[in-house]
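**Student:** predicted model follows, preceded by the sequence.
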Amino acid sequence: MRLFIAVNLTSEIKNAIQHALDRFPIRQPPWRWITTDNLHVTLKFLGDTPEELLPPLVDCLAEVGRNHRRFTLKLDRLGGFPNLRNPRVLFYRVSEGAEPLERLAAEVDRILLDRLDLPSEAKPFRAHLTVARIKQPLPEKVAARLGEAPPLPGVSQIVSSLDLMQSELRREGAVYSRLKEIALI
């Protein structure tokens, strides 16, 4: 099973993001947007995971949930990794809730390493919401217009859970399904 751990978004946030992307300054971008249904904040990607690890994995995540309070997640402007001049990933920045997300991701990473010997993340966690992946370097004119992307003022939600997700790769794209929702306190 191809698994990851995420914070899923409310339909209100997904709709606000879709509205912003519909008004994006680049009409036919040289990338594909992530489908609205698949938008989420990834806390940890597990990849191919044996099914027998599901029960202890859920137990570990339940313990994490008992250690973290609900918090507000707010998104604002477009960013890019490594930057907007030459992005490989486009994302919306987390303007509120980045620290609780970082603590949540760190504890998930630590407990899964300690209890299940699942490898730690190679890169430090940076709170963001990916909206596109870019395969080819962008023409300068296109990259220069990324700064014109509409922000998401007032777009927020209460994060009350983290989710164990399954990703099924299909020809038409990935399909995500929630295997378990773990409540925060």
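**Tutor:** Received, thanks. Residues are numbered from 1 along each chain as shown.

**Student:** now the strand or helix carrying residue 75: buried residues?
**Tutor:** Assigned by DSSP states H and E, residue 75 belongs to strand 71-81. Using 16 or more other C-beta atoms under 10 Å as the test for burial, strand 71-81 gives 71, 73-76, 78-81. For glycine as for every other residue, the C-beta is placed from the backbone atoms N, C-alpha and C.

**Student:** for that strand, the distance to its chain's centre please.
**Tutor:** Distance of strand 71-81 from the chain centroid (C-alpha atoms, centre = their mean, to the nearest Å) equals 10 Å.

**Student:** how about stretch 42-51?
**Tutor:** When distances are taken as C-alpha atoms, centre = their mean, stretch 42-51 is centred 13 Å away from the chain's centroid.

**Student:** now do that stretch: everything it contacts.
**Tutor:** Outside stretch 42-51, the residues that touch it by C-beta atoms under 8 Å, 6 or more residues apart in numbering are 1-7, 57, 101, 104-105, 108-109, 112, 118, 121, 125, 130, 162.

**Student:** just the buried ones among these, please.
**Tutor:** Among those, those classed as buried by 16+ other C-beta under 10 Å are 3-7, 57, 101, 104-105, 108-109, 112, 118, 125, 130, 162.

**Student:** state the pLDDT value of residue 35.
**Tutor:** Listed pLDDT for residue 35 reads 94.

**Student:** apart from its chain neighbours, what residue comes closest to it?
**Tutor:** Sequence neighbours aside, residue 173 is the residue nearest to residue 35 in space, at 6.6 Å (criterion: C-beta to C-beta, 6 or more residues apart in numbering).

**Student:** check whether that neighbour really touches residue 37, as I assumed.
**Tutor:** No: applying C-beta atoms under 8 Å as the test, residue 173 and residue 37 come out as separate, 10.0 Å apart.

**Student:** next, residue 166: secondary structure please.
**Tutor:** With DSSP: H, G, I helix; E, B strand; the rest coil as the basis, residue 166 sits in strand.

**Student:** give the contact list for it.
**Tutor:** Residue 166 makes contact with 1-3, 176-177, 179 under the criterion C-beta under 8 Å, 6+ apart.

**Student:** tell me what the residue nearest the centre of the chain is bridged to.
**Tutor:** In the chain, the C-alpha closest to the average C-alpha coordinate belongs to residue 41, at a distance of 2.1 Å (C-alpha atoms, centre = their mean). Residue 41 has the following beta-bridge partners by DSSP bridges: residue 7.

**Student:** ok, the one 4 residues further on next?
**Tutor:** In this structure, residue 45 has beta-bridge partners residue 4, where bridges are defined by DSSP bridges.

**Student:** separation between it and residue 167?
**Tutor:** Plainly put, residue 45 is 9 Å away from residue 167 if you go by C-beta to C-beta, to the nearest Å.
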